[in-house]
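Chemist: test case, fold it:
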Amino acid sequence: MKQIDLVQGSEEWHAFRRGKITGTRLGDVYSDKPYNATDVKSMLFNFGIEFKKSAPIKELVALLPAGAEQQLIRSSPKKIGFYETIAERLAIPADDENVMDRGLRLEDEAAQEFAKRYNKVVAEDGCWQSDDDERIINSPDRYVVPEKGKPITEAVEIKCLNSARHIEAVIENTIPSTYDSQIIQYFIVNENLETLYFVFYDPRVQSVPFHCIEVTRESLGDLPEKYKKFQLEQLAEMDRIVERLAF
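Modeler: This next block holds a predicted model:
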């Protein structure tokens, strides 16, 4: 063990800790459930190793070849501390800016970058309203301007997250599930929408400031119809309650 002569809480102390896994951060990096029995069984099956389906997970893990368990651990979903450490190692300064404030500040810049990269003309709309019920609405960040007389079939959702979340989106090439309903609402309100470009933008990550994931109506299956039906049922129930209480 090396002893580092630093005053805790000093600027030098904080600088030294950046890009390292501290005791405080360990909980944000380490997953106490990196894999489950199904994962182990799948790996055993791939290795052609026989096992009892009813065996407890410890017995299943014991059947794995050397190094296989570490492979399972490495492939498990990463926690946010993993990406925060990467951001620090890339010398991206700490950021406490409100996500909404950052989004408003960078949204137009991100939209222009999208338009340039995809060679498309984009525009703004205040709000979209469903033909099925005027109370079902969506506020698009941008939409792709269609040919004259044609319906809007492409839209753009922009997220300017903190650098750790941005790096996570780039590395995993996935959209966090917290945005699922927001994505689906685009396709519910605009029945002509075919593609939503989900843009992640952070100019501080100089190597990959822009990342876009395309979501198609086809990829969502019947989710837009299910979510629309749910909203219509909820609105109908609200109407009944309001009518009963409006006396």
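Chemist: in the helix ranked longest in the chain, which residues are buried?
Modeler: What stands out as the longest helix in the chain, according to DSSP state H, is helix 223-245. By 16 or more other Cβ atoms under 10 Å, the buried positions in helix 223-245 come out as 223-224, 227-228, 231. C-betas here are computed from N, CA, C, even on glycine.
Chemist: of the residues you listed, which pair is most distant in space?
Modeler: Pairwise distances across these (Cβ to Cβ) peak at 12.4 Å, for the pair Leu223 and Gln231.
Chemist: what lies in contact with stretch 41-61?
Modeler: 36-37, 40, 63-65, 68-69, 71-72 (Cβ atoms under 8 Å, 6 or more residues apart in numbering).
Chemist: thinking again about what came up before, from the buried residues of helix 223-245, pick the one nearest Pro151.
Modeler: For the buried residues of helix 223-245, the nearest to Pro151 is Pro224 (15.9 Å; Cβ to Cβ).
Chemist: what residues are up against the closest one?
Modeler: If you count contacts by Cβ under 8 Å, 6+ apart, then Pro224 has 184, 187-188, 217 around it.
Chemist: of the residues you listed, just say which sits nearest to Val242.
Modeler: Closest to Val242, out of all of these and judged by Cβ to Cβ, is Ile188, at 22.6 Å.
Chemist: now do the SS call for that closest one.
Modeler: helix (DSSP: H, G, I helix; E, B strand; the rest coil).
Chemist: helices of this structure, residue ranges please.
Modeler: Going by DSSP H, the chain shows helices at 11-17, 23-29, 37-47, 57-62, 68-75, 80-89, 99-118, 163-172, 180-189, 217-220, 223-245.
Chemist: indicate which one of the ones you listed is closest to Arg135.
Modeler: helix 223-245 (5.8 Å).
Chemist: can you give me the offset of the closest one from its chain's centre?
Modeler: 28 Å (Cα atoms, centre = their mean, to the nearest Å).
Chemist: could you list the domains of the protein?
Modeler: 11-89, 99-236 (automatic domain parsing).
Chemist: hey, least reliable of the ones you listed by pLDDT?
Modeler: Mean pLDDT is lowest for domain 11-89 among those, at a mean of 74.
Chemist: most neighbours per residue, which of the domains of the chain?
Modeler: The highest mean neighbour count among these, using mean count of other Cβ atoms under 10 Å, belongs to domain 99-236: a mean of 16.
Chemist: so what's the residue nearest the centre of the chain up against?
Modeler: Of all residues in the chain, the one closest to the mean position by Cα atoms, centre = their mean is Pro176, 2.1 Å from it. Counting by Cβ under 8 Å, 6+ apart, Pro176 touches 165, 168-169.
Chemist: rewinding a little: figure out which of the helices of the chain is closest to Glu124.
Modeler: That would be, of the helices of the chain and by Cβ to Cβ, helix 99-118, which comes in at 8.4 Å.
Chemist: which elements pack onto that closest one?
Modeler: Helix 99-118 is packed against strand 122-123, strand 154-159, strand 195-201, strand 210-216, with contacts defined by 3 or more Cβ pairs under 8 Å, 6 or more residues apart in numbering; DSSP states H and E.
Chemist: export those to a markdown table and append columns for distance to Ile241.
Modeler: As requested, those are exported to a markdown table (distance: least, Cβ to Cβ, whole Å):
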| stretch | distance to Ile241 |
| --- | --- |
| strand 122-123 | 39 |
| strand 154-159 | 32 |
| strand 195-201 | 33 |
| strand 210-216 | 34 |
